[in-house]
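>>> Could you work out the structure for the sequence below:
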Amino acid sequence: MNKSVRVMQRRVGELQEELGRLGPVMRGSVVVIGTRNKQPYFSLNKDKRTRLIYLGQKRVALARQRSKNYKRLLAIVEEMTILNMELIKRDAGL
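Numbering: from 1, shown residues only. Model (predicted):
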């Protein structure tokens, strides 16, 4: 087996393990609204509408982590897609 194929397969395995450890995900972002009272909200665009939920200070870190996890999920899927496409092209993705 080609060394680069083994490297790609090992990387796919590493990414799959990372997916398993990722934790809860949420698509969207933490936004701060207001000039004086700076209220933290979680913002999500769905069906061409913006949805907001008030977070309060206690839930900001949790929402940010879940949003960060979502962004990492997307990055992992993108990298795995490129690797798996190359492995399939080389008939090594079986």
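>>> and the longest helix anywhere in the chain, what other elements does it pack with?
Taking DSSP state H as the criterion, the chain has its longest helix at helix 56-89. If contacts are counted by 3 or more CB pairs under 8 Å, 6 or more residues apart in numbering; DSSP states H and E, helix 56-89 sits against helix 3-21, strand 29-33, strand 39-46. All C-beta spots, glycine's among them, are computed from the backbone N, C-alpha and C.
>>> To E79, which of the ones you listed lies closest?
helix 3-21 (6.1 Å; CB to CB).
>>> quick one: average confidence on the closest one?
Per-residue pLDDT values across helix 3-21 average out to 93.
>>> who does it touch, helix- and strand-wise?
Using 3+ CB pairs under 8 Å, 6+ apart: helix 3-21 touches helix 56-89.
>>> Figure out how far the helix it packs on is from the centre of its chain.
Helix 56-89 has its average C-alpha position 2 Å from the chain's average C-alpha position, going by CA atoms, centre = their mean, to the nearest Å.
>>> Next: stretch 25-36.
Worked out by CA atoms, centre = their mean, stretch 25-36 lies 17 Å from the chain centre.
>>> got the buried residues for that stretch?
By 16 or more other CB atoms under 10 Å, the buried positions in stretch 25-36 come out as M26, G28, V30.
>>> got it, and stretch 45-60?
L55.
>>> what's the span of that stretch from first residue to last?
Terminal residues of stretch 45-60 are spaced 18 Å apart (CA to CA, to the nearest Å).
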